[in-house]
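Visitor: here are the coordinates; sequence isn't available:
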Ligand code: MLT
């Protein structure tokens, strides 16, 4: 197995609403007229209203965390509020489909991860083409994953976990955030590496999955460090391994999957920002520039480091680098998923 680096859909037209104010017998009459499509002039004034970034998973999870981290400095840079909207379902594909169809004006964007590249193979009826129905804005970060369990789960290290799940495959529960979610892909890698078929418990995101894990409702989960590190540090979960080739600074005592004998369970969850395909290039450039600045913000860098990750290098915060990786990852994952015979619905 190869490494996994491996709405507000409010209709909005280009053209500022024209407000004509007229005083008539003491009454203020407000006429609003929507402008015509056409772009250039209005792209130049972008943004003149709040922007929504859709997160295709539940609030409180890793995609939500990364989005909120960058949204704050991006908002400062763009001079407009950025609303983060969670619209979960079908491993992130429902919200992605909605954003693909949103008005291409730069006011509805999508933060998505590796799932964008696995969705075409996993969902035969996918409502969008990741390469044709979006403009890429730039890459954001690549996040390691960790295998964690609730505190009462019997195994105490990854070697014991492998033995335990082999012996108890019929009763062990493995949480994920739906078909195509990073947690689902990592879970598949674990199942393939160990040679078991576990009881998967799908959630709308690993935010709620981790809450249930801590509460003892599910046994274990492979999830991004942006979600698990606070729980690991708070001693709320057992941590078994990190899915990177080397140990990570934020969790120096945690062994890697390779050290623990599962070298094929190597996962990095890359994230990128998208706009609908017809969004004007000037608008995309404004968002790319704001994203690049946000990723240099010392607070963002520090918080990402605390959560086991870092911003991508600056030359990756471009539409070209993002499109290149997306295409490569679709080519990488499509045959792997087709061979595995996994499908979402
Ligand atoms: C989330 O934000 O909930 C995650 O990214 C889900 C996942 O892909 O495992």
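Guide: In hand now; what should we look at? On a predicted model such as this, the values are computed, not experimentally measured, just so you know. Numbers count the residues shown, from 1 in each chain.
Visitor: Give me the three-state assignment for residue 169.
Guide: Put simply, residue 169 is coil when judged by DSSP: H, G, I helix; E, B strand; the rest coil.
Visitor: got a list of what it touches?
Guide: 196-198 (Cβ atoms under 8 Å, 6 or more residues apart in numbering). To be clear about C-beta, it is placed using only N, CA and C from the backbone, and glycine gets the same treatment.
Visitor: Please apply the same query to residue 129.
Guide: Contacts of residue 129 (Cβ under 8 Å, 6+ apart): residue 120.
Visitor: Confirm it sits in a helix?
Guide: No: using three-state DSSP, the assignment for residue 129 is coil, not a helix.
Visitor: about what we covered before: looking at the contacts of residue 169, which are in helices?
Guide: Counting by DSSP state H, none of the members of the contacts of residue 169 fall within helices.
Visitor: From those, list the buried ones, please.
Guide: By neighbour count, with 16 or more other Cβ atoms under 10 Å, the contacts of residue 169 hold 196, 198 as buried.
Visitor: now the contacts of residue 169 as TSV including distance to residue 77?
Guide: Formatted as TSV, these follow (distance: Cβ to Cβ, whole Å):
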residue	distance to residue 77
196	48
197	47
198	44
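Visitor: can you redo the contacts of residue 169 as TSV with distance to residue 152 and pLDDT?
Guide: Listed next are the contacts of residue 169 as TSV, based on distance: Cβ to Cβ, whole Å; pLDDT from 0 to 100:
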residue	distance to residue 152	pLDDT
196	20	95
197	23	93
198	17	95
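Visitor: Intersect the contacts of residue 169 with the contacts of the ligand.
Guide: Contacts with the ligand within the contacts of residue 169, as defined by Cβ under 6 Å from any ligand atom: none are present.
Visitor: quick check, nearest of the contacts of residue 169 to residue 112?
Guide: Of all the contacts of residue 169, residue 198 has the smallest distance to residue 112: 26.0 Å, by Cβ to Cβ.
Visitor: so who does that closest one touch?
Guide: Applying Cβ under 8 Å, 6+ apart, we find residue 198 in contact with 165, 169, 172-174, 187, 191.
Visitor: By neighbour count, sort out the buried ones in those.
Guide: The buried subset of those - by 16+ other Cβ under 10 Å - is 165, 172-174, 187, 191.
Visitor: In strands only, show me those residues.
Guide: 173-174 (DSSP state E).
Visitor: and the stretch 101-250 of the chain, which residues reach the ligand?
Guide: Listed as neighbours of the ligand in the stretch 101-250 of the chain under the rule Cβ under 6 Å from any ligand atom: 113, 115, 177, 181-183, 205-207.
Visitor: Most widely separated two among these?
Guide: Most distant of these, by Cβ to Cβ, are 115 and 207, 15.3 Å apart.
Visitor: circling back to that earlier point, make TSV out of the contacts of residue 198 and add pLDDT.
Guide: Below are those laid out as TSV (pLDDT from 0 to 100):
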residue	pLDDT
165	97
169	96
172	97
173	98
174	98
187	95
191	94
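Visitor: for the residues you listed, which one is nearest residue 43?
Guide: Nearest to residue 43 out of the contacts of residue 198 is residue 187 (Cβ to Cβ; 42.5 Å).
Visitor: related to what we said a few turns ago, among the residues of the stretch 101-250 of the chain next to the ligand, which are in strands?
Guide: With strands taken from DSSP E, the overlap with these comprises residue 113.
Visitor: So among the residues of the stretch 101-250 of the chain next to the ligand, which ones count as buried?
Guide: Those of these that meet the buried threshold are 113, 115, 177, 181-183, 205-207, by 16+ other Cβ under 10 Å.
Visitor: Next, residue 52: secondary structure please.
Guide: Residue 52 - assigned by three-state DSSP - is strand.
Visitor: tell me, how many neighbours does it end up with?
Guide: 20 (other Cβ atoms under 10 Å).
Visitor: and the gap between it and residue 86?
Guide: For residue 52, the distance to residue 86 equals 11 Å [Cβ to Cβ, to the nearest Å].
Visitor: now the strands for the stretch 151-300 of the chain?
Guide: With DSSP state E, counting those that start in this stretch, the ranges of strands along the stretch 151-300 of the chain come out as 173-176, 199-202, 220-224, 238-242, 268-276.
Visitor: Could I get those in JSON lines, plus columns for distance to residue 99?
Guide: Listed next are the strands of the stretch 151-300 of the chain as JSON lines, based on distance: least, Cβ to Cβ, whole Å:
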{"stretch": "strand 173-176", "distance to residue 99": "22"}
{"stretch": "strand 199-202", "distance to residue 99": "22"}
{"stretch": "strand 220-224", "distance to residue 99": "21"}
{"stretch": "strand 238-242", "distance to residue 99": "31"}
{"stretch": "strand 268-276", "distance to residue 99": "6"}
